[in-house]
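Asker: I'd like to go over a predicted model; first the sequence, then the structure.
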Amino acid sequence: MKKRIAGRKLGRTTAHRWAMLRNMVTSLIEHGRIVTTTPKAKEARKLADKCITLGKKNTLHARRRASNVVQTPAAVVKLFDILGPRYADRQGGYTRVLPLSKRRLGDGSKMSVLEFVDREGELRPARPPPGRLAALKREGYLEADVAEMLTDGTGERLN
């Protein structure tokens with residue numbers, strides 16, 4: 001009887017699935033954005049968020065745990081030197097999955113973009129974390145300035 005088994009198998013053996021997800025997380029760290037199928041993106045998002053959390057800790061133990069997932073030394077350095085400090089004030093939700101309108105040509109699979117939030121050239125700007133709004137007000141920004149930061153430029157509020 002199946003009871004609360006977490007995660008998707010993605011039609012692969014355990015070793016193949018683990019290798020694929022490690023490759024995807026490494027590529028995401030190196031490039032900042034990857035295009036893949038929606039189920040793969042949702043699974044890779046979980047692993048990538050855990051790696052960013054390790055990058056925020058910046059201890060030797062965290063580096064060794066992250067190097068079990070991230071495959072290249074350059075990506076580990078980027079994880080701890082660039083991405084960890086970037087998301088220091090964010091408590092989770094470091095990545096987003098944006099569905100694409102076109103399906104894959106061969107089999108019609110739903111495709112998505114997996115990307116980091118708060119990065120240059122992102123498709124949609126991220127909302128600031130909840131504690132950041134109070135900090136912006138303390139720093140002297142007016143209500144209109146904070147409201148402008150929360151909109152996408154068209155007047156619609158970001159979700």
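Answerer: Great, that's in hand.
Asker: Let's verify residue 61: helix, strand, or coil?
Answerer: On the three-state scheme (DSSP: H, G, I helix; E, B strand; the rest coil), residue 61 is labelled helix.
Asker: next one: residue 121
Answerer: Look at residue 121: counting by three-state DSSP, its state is coil.
Asker: Check the gap between it and residue 56 for me.
Answerer: Using Cβ to Cβ, to the nearest Å, we find residue 121 at a distance of 23 Å from residue 56. Glycine gets a C-beta too; all of them are placed from N, C-alpha and C.
Asker: the more surrounded of those two?
Answerer: residue 56 (19 against 7; other Cβ atoms under 10 Å).
Asker: Could you pull up the contacting residues of the more buried one?
Answerer: By Cβ atoms under 8 Å, 6 or more residues apart in numbering, residue 56 lies in contact with 84, 87, 88.
Asker: Identify the single longest helix in this structure, thanks.
Answerer: Counting residues, the longest helix found in the chain (DSSP state H) is helix 38-57.
Asker: Centre of the chain to that one, how far?
Answerer: On the basis of Cα atoms, centre = their mean, to the nearest Å, helix 38-57 sits 6 Å off its chain's mean C-alpha point.
Asker: returning to that earlier point: write the PyMOL selection for whichever of the contacts of residue 56 are buried.
Answerer: Of the contacts of residue 56, the buried ones can be selected in PyMOL as follows, counting by 16 or more other Cβ atoms under 10 Å:
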select buried, resi 84+87
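Asker: Of the contacts of residue 56, just say which sits nearest to residue 98.
Answerer: Of all the contacts of residue 56, residue 87 has the smallest distance to residue 98: 18.5 Å, by Cβ to Cβ.
Asker: That closest one touches residue 52, doesn't it?
Answerer: Yes. With contact defined as Cβ atoms under 8 Å, residue 87 counts as touching residue 52 (5.7 Å).
Asker: tell me the contacts of the residue positioned nearest the centre of the chain?
Answerer: By Cα atoms, centre = their mean, the chain has its centre lying nearest to residue 95, at 1.9 Å. Contacts for residue 95 (Cβ under 8 Å, 6+ apart) come out as 28, 45, 48, 49, 52, 114, 115, 116, 117.
Asker: What distance do you get for it to residue 3?
Answerer: 29 Å.
Asker: How about residue 94?
Answerer: Distance, residue 94 to residue 3, using Cβ to Cβ: 30 Å.
Asker: which one of these two has more residues nearby?
Answerer: residue 94 (22 against 4).
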